[in-house]
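Asker: After the sequence you'll find the predicted model.
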Amino acid sequence: MPYTRREFLDALALGAAGLAIGTSARSYARILGSNDRLNFAVIGLNGRGYAHLASLTTNKKSARISHVCDVDSNTLRKFASSVEQHMGEMPKTDKDFRRILEANDLDAITIATPDHWHTAMAVAGLQASKHVYVEKPCSHNPAEGALLVEAQRKYGKLVQMGNQQRSSAHTIEVIQKIREGVIGRPYLANAWYCNVRKSIGIGKEAPVPPQLDWDLWLGPAPRRPYKDNVQPYNWHWFKMYGTGEALNNGTHEVDVCRWALDVGYPKRVTASGGRYHFRDDWQFYDTLVTGFEYEDAMLTWDGKSCQGMKYYGRDRGSAILGTDGTVLVDRDGYEIYDLKGKKTSEFKAGSRTSSTDLVGSDSMTDAHFANFIAGIRSGEKLNAPVSEGNIAVTMLQLSNIAWEVNHELNLDTKDGHIQEDPDGMKLWDREYETGWAPHL
């Protein structure tokens, strides 16, 4: 029996409490036959990992979850039970993704780990002849992003980045309208993100929880003692592991704006902001305004992690301004305005998204996975190949660098490299734990 999305999410919560699966789900899986479907491994099982489960469940006529992986044994058990409940089969489990990559019958991996793992794990997957779905950002730093793009070309498997608005039907539609001239020539794109995140406090060194393999959690990152305010989510705000709000959420809208303007790497990047709302261990900004300049266009992103005042009545979105009007687009629809700001048309997707949702399960992600699966099975063109997704990722990593060095960056528009700026280029790469650096 098919689930509604609300029923699915409710059932996930029940599944975490150990709810037994029904025989109808098992029967359905047997009728389909595992040989008719692609075998997926989901790696990184908190938060966004459940969106991967939801989307693979939606697409289970063509895909199954054969393996799951997490360095926390409690998280691993809970997620495996949810897979069994919703897909009718108990997946194989392992805390070490390297053992999972040895499976000859595995077709693809999905990566929803902390950012510092994304490129290393994706490259390892490609080297093991697996297709890869990797959450944004696809890398922790610009050097990694370039390496991953090169790895995809070398090994020839598909890599789709999780900027799922590229698979949103209404966003595809309004981008086409922009191409056809609905607002004239677009030249300015403004994007934003607002949330009301709480303080992460001042962490203390503590014993590693018995269910967590901290060494494997650190992976490519230099070894540091376990602190009680980092894992499982606050790693986003530590430079060793995360990439800040610009990459955590800004990637989505900056990618939409770049798509709408039909531009690549900018010639100049500026960024200003700080950690203003709280005084705690958070190492990035909670407030950032960053801009990207092109020869005949510009793009901005305004991020507020801890101040929920909305723009245009929305937590997040993009405004594309042109010579004849404006398009306002978000995950829930779009509106078109004339040059004087009068609304001329709109489309509502019939859903509402929220900045505070840490899972982000939605129909866009379902469609994004369907596109990835079709790419593997029949050669359908990917909506967000890593070569394309990495451009927005690198742009915002450059915003982080501009913020860090406290001056604007001049770029080579062919590849985003920082020009004549040794201080900036020092941050192009990162330090790795010995033996863990990704390589081709």
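Answerer: Received the coordinates, thanks. Residues are numbered from 1 along each chain as shown.
Asker: For the rest of this, base every contact and every neighbour count on C-alpha atoms.
Answerer: Noted.
Asker: what bits of the stretch 251-400 of the chain have low per-residue confidence?
Answerer: 351-358, 360 (pLDDT under 70).
Asker: Show me the strands in it, by range?
Answerer: Remark: strands assigned in the stretch 251-400 of the chain by DSSP state E, counting those that start in this stretch are 268-274, 287-293, 298-304, 316-322, 325-330, 333-338, 343-348.
Asker: The closest residue to residue 60 other than its chain neighbours and residue 66: what is the separation?
Answerer: Take residue 60 and drop its neighbours on the chain: the residue closest to it by C-alpha to C-alpha, 6 or more residues apart in numbering is residue 87, 7.2 Å away. Using C-alpha to C-alpha, to the nearest Å, residue 87 is found at 10 Å from residue 66.
Asker: Neighbours of residue 244, how many?
Answerer: Counted by other C-alpha atoms under 10 Å, the residues lying close to residue 244 total 24.
Asker: what sits against it?
Answerer: Neighbouring residues of residue 244 by C-alpha atoms under 8 Å, 6 or more residues apart in numbering: 236, 237, 238, 284, 285.
Asker: any idea which of these is the one closest to residue 131?
Answerer: In terms of C-alpha to C-alpha, no member of the contacts of residue 244 lies closer to residue 131 than residue 236, at 25.7 Å.
Asker: Please read off the pLDDT at the closest one from the model.
Answerer: Among the per-residue scores, residue 236 shows a pLDDT of 98.
Asker: go on, residue 208?
Answerer: Per-residue pLDDT puts residue 208 at 98.
Asker: Contacts only, for it.
Answerer: 214, 226.
Asker: For my notes, confirm it occurs in a helix.
Answerer: No: counting by DSSP: H, G, I helix; E, B strand; the rest coil, one finds residue 208 to be coil, located in no helix.
Asker: Longest helix in this structure, please.
Answerer: helix 386-405 (DSSP state H).
Asker: In that one, which residues are buried?
Answerer: 386-404 (16 or more other C-alpha atoms under 10 Å).
Asker: just to revisit the earlier point, phi, psi of the residue nearest to residue 60?
Answerer: Dihedral angles of residue 87 (phi, psi; degrees, to the nearest 10) stand at phi -120, psi 0.
Asker: That one: neighbour count?
Answerer: Here the number of neighbours of residue 87 (other C-alpha under 10 Å) works out to 25.
Asker: Could you tell me which residues within stretch 245-264 count as buried?
Answerer: Buried residues in stretch 245-264 (16+ other C-alpha under 10 Å): 245-261, 264.
Asker: now swap in stretch 83-96 and tell me
Answerer: Within stretch 83-96, judged by 16+ other C-alpha under 10 Å, the buried ones are 83-91, 93-96.
Asker: out of these, which are inside strands?
Answerer: Among the buried residues of stretch 83-96, the members falling in strands (DSSP state E) are 93, 94.
Asker: Please work out how many residues are found near residue 295.
Answerer: The tally of other residues near residue 295 (other C-alpha under 10 Å) stands at 9.
Asker: contacting residues for the closest residue to it other than its chain neighbours?
Answerer: Closest residue in space to residue 295, ignoring its immediate chain neighbours: residue 267 at 7.6 Å, by C-alpha to C-alpha, 6+ apart. Counting by C-alpha under 8 Å, 6+ apart, residue 267 touches 292, 293, 294, 295, 410, 411, 412, 413.
Asker: Would you mind measuring from the fourth one to residue 419?
Answerer: From residue 295 over to residue 419 the distance is 17 Å, taken as C-alpha to C-alpha.
Asker: Alpha carbons of stretch 285-301, in CSV - could you do that?
Answerer: Provided in CSV are the C-alpha atoms of stretch 285-301 (Å, rounded to 0.1, in the frame of the first residue of the first chain):
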residue,chain,number,x,y,z
TYR,A,285,29.6,33.7,10.9
ASP,A,286,25.9,33.7,11.9
THR,A,287,25.3,36.7,9.6
LEU,A,288,26.9,37.0,6.2
VAL,A,289,26.4,39.1,3.1
THR,A,290,28.4,37.9,0.1
GLY,A,291,28.5,39.1,-3.5
PHE,A,292,29.7,37.8,-6.8
GLU,A,293,30.5,40.1,-9.7
TYR,A,294,30.4,39.3,-13.4
GLU,A,295,31.1,41.4,-16.5
ASP,A,296,27.4,42.2,-17.0
ALA,A,297,25.6,40.8,-13.9
MET,A,298,25.9,40.3,-10.2
LEU,A,299,24.7,37.8,-7.5
THR,A,300,24.3,38.2,-3.8
TRP,A,301,23.5,35.9,-0.9
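Asker: oh, and call the first residue 224 from now on, that's how I've got it
Answerer: From this message on, residue numbering opens at 224, which makes the last subject stretch 508-524.
Asker: residues of it that come out buried?
Answerer: Across stretch 508-524, burial judged by 16+ other C-alpha under 10 Å covers 508-517, 520-524.
Asker: Repeat that for stretch 402-421.
Answerer: Under the neighbour-count criterion of 16+ other C-alpha under 10 Å, stretch 402-421 has 402, 405-418 buried.
Asker: and of the residues you listed, the nearest to residue 568?
Answerer: Closest to residue 568 out of the buried residues of stretch 402-421 is residue 405 (10.7 Å), distances taken as C-alpha to C-alpha.
Asker: so that closest one bridges to which residues?
Answerer: residue 407 (DSSP bridges).
Asker: Just want the angle from the longest helix of the chain to strand 521-527.
Answerer: 70 degrees (axes from the mean of the first three to the mean of the last three C-alpha atoms, to 10 degrees).
Asker: Quick one: name whatever helix or strand follows helix 609-628.
Answerer: strand 632-633 (DSSP states H and E).
Asker: quick one: that next one to chain centroid distance?
Answerer: Centroid separation for strand 632-633 versus its chain: 26 Å, with C-alpha atoms, centre = their mean, to the nearest Å.
Asker: And stretch 517-525, by the same measure?
Answerer: Distance of stretch 517-525 from its chain centroid, counting by C-alpha atoms, centre = their mean, is 22 Å.
Asker: Outside of it itself, which residues are in contact with it?
Answerer: If you take C-alpha under 8 Å, 6+ apart as the criterion, stretch 517-525 is touched by 409-416, 473, 477, 480-481, 484, 489-491, 510-516.
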